[in-house]
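Trainee: Sequence plus predicted model, see below.
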Amino acid sequence: MGDRGFESLDFYQDSLKLLKAAYRLADSLPDFERFNLSDQLRRAANW
């Protein structure tokens with residue numbers, strides 16, 4: 001790993017992509033799901 005830090009790890013980069021995809025999915029849900037499933041999805045993505 002050296003001086004590059006964890007930000008350069010492939011696993012870290014992939015996890016950021018997954019996090020962004022989860023947020024895009026939550027944002028695309030219908031309004032009636034806005035405060036239920038989308039909130040749960042965001043909390044699970046940040047766990």
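Mentor: Cool, got the structure.

Trainee: low-confidence ranges in the chain?
Mentor: Applying pLDDT under 70 to the chain flags residues 1-3, 47.

Trainee: how deep is S38 tucked in, by neighbour count?
Mentor: 19 (other C-beta atoms under 10 Å). All C-beta spots, glycine's among them, are computed from the backbone N, C-alpha and C.

Trainee: From S8, how far out is the closest residue in space to it that isn't next to it in sequence?
Mentor: Nearest residue to S38, sequence neighbours excluded (C-beta to C-beta, 6 or more residues apart in numbering): A26, at 3.8 Å. Going from A26 to S8 by C-beta to C-beta, to the nearest Å gives 28 Å.

Trainee: between the two, which one's more packed in?
Mentor: A26 (19 against 11).

Trainee: Okay, and that one sits in which element?
Mentor: Taking DSSP states H and E as the criterion, the element that holds A26 is helix 10-28.
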